[in-house]
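In: kindly return the folded structure for what I paste below:
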Amino acid sequence: MMADPHAKAHQAIGAYFCAFSALEHELGECIKVVFRLQGHESADAVVAALGDVTKKIELVWTAALAAKNQDGTETTEEWKENATKTIKAVFGCNNDRNALAHSRLEAAADGSVVLARLQVKGGELKGKGKPNRWSQTDFQRRINAITKLTKQLERVRSDLSKLNVVPSGWMNTNQFWQPVVRQWSPAYLDQASTPPVLRASSPEPPSTTEGPTTRKPQNEVRRGKPSDAQ
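Out: Model prediction:
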């Protein structure tokens, strides 16, 4: 079997994404701390629902700046500056990750990779004829930076676990954000092939008027006679 002339380049790409995946995982662990979900069965689902890496970074950054000591006093400016410096560096790594993930990659025998990425900005096509080459040294430098940032994020997470992250009352429910359980008539339940899904909703404040403009939630069944559910 002939040796792959681009093996070094392919290995560098794989090593880079493996390193970045560890960084993104640590972002998720930080988010679990922000929402105090460590050990909760839905913790992974919450992180996965955020999806976009940028959203995860911004959430952790916002939480770090809003965090307070247990006695309610502000964290030190030094801590905030260090956390901000770390998170801004994560943003920079994510920009590199986007370039590598969304460019046409041309591997070379010397282990380098040319990134050709076209983008449309302001109605103008940009990037054409301006390839970006990552050498083996460039890959290793970026991988080392990601590994270092992952460890720094671990320290941020450890600090956040000891601070008051969520402002008092921020996650409390109020009269406009109460879970509502639908009341389903027996006639509807007899006809339904699958059980109805009970969803939480945020009801609007009670209205003092009734009229033709009053709309009922879609698919909601009123309590009453069996004929009401048909």
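
In: can you give the domain ranges for this structure?
Out: Domains of the chain are assigned by automatic domain parsing as 7-160, 173-230.

In: for these, give me CSV that also has mean pLDDT and mean neighbour count.
Out: Any C-beta I mention is one placed from the backbone N, CA and C, and that applies to glycine too. Shown next, in CSV, are the domains of the chain (pLDDT from 0 to 100; neighbours: other Cβ atoms under 10 Å):
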stretch, mean pLDDT, mean neighbour count
domain 7-160, 92, 15
domain 173-230, 46, 10
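
In: and the strand or helix carrying Ala19, what does it pack onto?
Out: Element membership for Ala19 (DSSP states H and E) is helix 7-34. Helix 7-34 sits against helix 43-50, helix 53-66, helix 77-102, strand 104-107, strand 113-116, helix 136-160, with contacts defined as 3 or more Cβ pairs under 8 Å, 6 or more residues apart in numbering; DSSP states H and E.

In: turn these into TSV, including distance to Leu37.
Out: Formatted as TSV, these follow (distance: least, Cβ to Cβ, whole Å):
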stretch	distance to Leu37
helix 43-50	4
helix 53-66	13
helix 77-102	20
strand 104-107	37
strand 113-116	36
helix 136-160	12
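
In: so which of these comes closest to Glu24?
Out: Nearest to Glu24 among those is helix 53-66 (5.9 Å), distances taken as Cβ to Cβ.

In: which other helices and strands contact that closest one?
Out: helix 7-34, helix 43-50, helix 77-102, helix 136-160.

In: still on that earlier bit, from the middle of its chain, how far away would the helix holding Ala19 be?
Out: Centroid separation for helix 7-34 versus its chain: 14 Å, with Cα atoms, centre = their mean, to the nearest Å.

In: which ones are touching the residue nearest the centre of the chain?
Out: The chain has Leu50 as the residue nearest its centroid, 3.2 Å off, counting by Cα atoms, centre = their mean. Going by Cβ atoms under 8 Å, 6 or more residues apart in numbering, Leu50 touches Ile31, Lys56, Leu59.
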